[in-house]
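Novice: Model the following, please.
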Amino acid sequence: MTMPHIDKGVPIPNRFPFDKMEIGDSFVITTKRQTASVAARRYGDKHGMRFITRQMPDGTIRCWRTK
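Specialist: Presented below is the predicted three-dimensional model:
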């Protein structure tokens, strides 16, 4: 059995664009709302930001950066 090659320094891609958002920016959530809400909370707590999610009248769900 051969061992797989180990790569170093390959960054993990972001699932959500929290790092690129400014206050007032938003994006449509294409995953489960709870998944995005938990990810936003964790990212915000770590980086001093706040996010909020809301269901829109057309049924889509959006996430906003509020702080």
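Novice: Could you pull up the residues touching the residue positioned nearest the centre of the chain?
Specialist: Note on the chain: the residue nearest the mean C-alpha position is Phe16, at 3.0 Å, using C-alpha atoms, centre = their mean. Going by C-beta atoms under 8 Å, 6 or more residues apart in numbering, Phe16 touches 27, 36, 39-40, 43, 63. For glycine as for every other residue, the C-beta is placed from the backbone atoms N, C-alpha and C.
Novice: ok, it to Lys32 distance?
Specialist: From Phe16 across to Lys32, the span is 12 Å (C-beta to C-beta, to the nearest Å).
Novice: Could you do Phe18 as well?
Specialist: 17 Å.
Novice: Neighbour count: these two, which is higher?
Specialist: Neighbours were counted for Phe18 and for Lys32 using other C-beta atoms under 10 Å; Phe18 has more, 21 against 10.
Novice: how close does the more buried one get to Thr2?
Specialist: Look at Phe18 and Thr2: by C-beta to C-beta, they are 39 Å apart.
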